[in-house]
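Enquirer: I'll drop the sequence and a predicted model, then ask my questions.
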Amino acid sequence: MNRLKLGSGLLVAAGLLFGAAISHAQEHAYIGSKNCRKCHLKEFQSWSETKMANAFDLLKAGVRADKKEAAGLDPQKDYTADPECLPCHTAGYGKEGGFVDIAKTADQAGVGCEMCHGAGGTYTQKQYMSLTNRDYKKGEVVGAGLVDKITEGTCTAACHNDKSPFVGEAYVFDFEERIKLGIHEISPLKYKH
C-alpha cells in the first residue's frame, strides 16, 4: 500500500513538473513596448503620456502620499522593488523577458503594451507581425498570442481587483469610463490585415 501511494505521488509530481514545462514553453516572452513603437508610433507616443505608462513612478517614496496613507501604506517607503506591487506596475514581472528591476529592465517599468495585448515574443516574429511581413493576417497573429479585444476582464484579472491595497468596498472599476478617457490613441492600420 505504501509503495502504491509513493508511486502515485511520484506520478503526480512528474505530471505536475511535465505540465509546468509545457505551460512554460507555451508562454510568450515579453519584449517591451519599445518594440511595439517600431510600427505603432502614434499609439506609443500617446500611451507614453498615460497613467499606465507611468505607473511604476507611483511606487516611489513620497509620490501620491495621501493615497498611500489612506490605503494603509507607508507614503515614505520606496515600493519599486516590492514583489507585491510590481505585477501591476510593470510589464511581465516574474515572466520571461519581463521586469526584473529598474537597472536591468527599465523598459518594462510601467504598464506597457503587453500587459493588455499579451506578451509579444511570439506574435512579433518574422512570420507574424513584423516590419518584414506587412501582409500578415490578423487571425494568425491573434492565434499566436496577440490580445486584440481588450475587455474589462483583461483589466480586472490582472490588476484592478481586491489584491490592490487601493481597492476597498467602495471601489468601482468603470471599464467604459476608462476606455472613454483613453488608454492610447488608436490609429487606423496602414495595411489591411
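Expert: On my side now, so go ahead.
Enquirer: okay, and for the chain, where does confidence drop off?
Expert: 1-26 (pLDDT under 70).
Enquirer: Helix or strand: which one has the residue nearest to the spatial centre of it?
Expert: Centroid-nearest residue in the chain: M115, 2.4 Å away (criterion: C-alpha atoms, centre = their mean). Using DSSP states H and E, M115 sits within helix 113-117.
Enquirer: List of residues touching the helix or strand immediately after that helix in the chain?
Expert: Using DSSP H and E, the helix or strand that directly follows helix 113-117 along the chain is helix 138-143. With C-beta atoms under 8 Å, 6 or more residues apart in numbering as the test, helix 138-143 has contacts from 123, 128-129, 148, 193. Glycine gets a C-beta too; all of them are placed from N, C-alpha and C.
Enquirer: cool, and stretch 42-50?
Expert: For stretch 42-50, using C-beta under 8 Å, 6+ apart, the contacting residues are 33-34, 36-37, 53, 113, 182-187.
Enquirer: Nearest to E27 among the residues you listed?
Expert: C113 (16.9 Å; C-beta to C-beta).
Enquirer: State the number of residues packed around that closest one.
Expert: By other C-beta atoms under 10 Å, 25 other residues sit near C113.
Enquirer: I figured it hits K34, correct?
Expert: No - using C-beta atoms under 8 Å as the test, C113 is too far from K34 to be in contact (9.4 Å).
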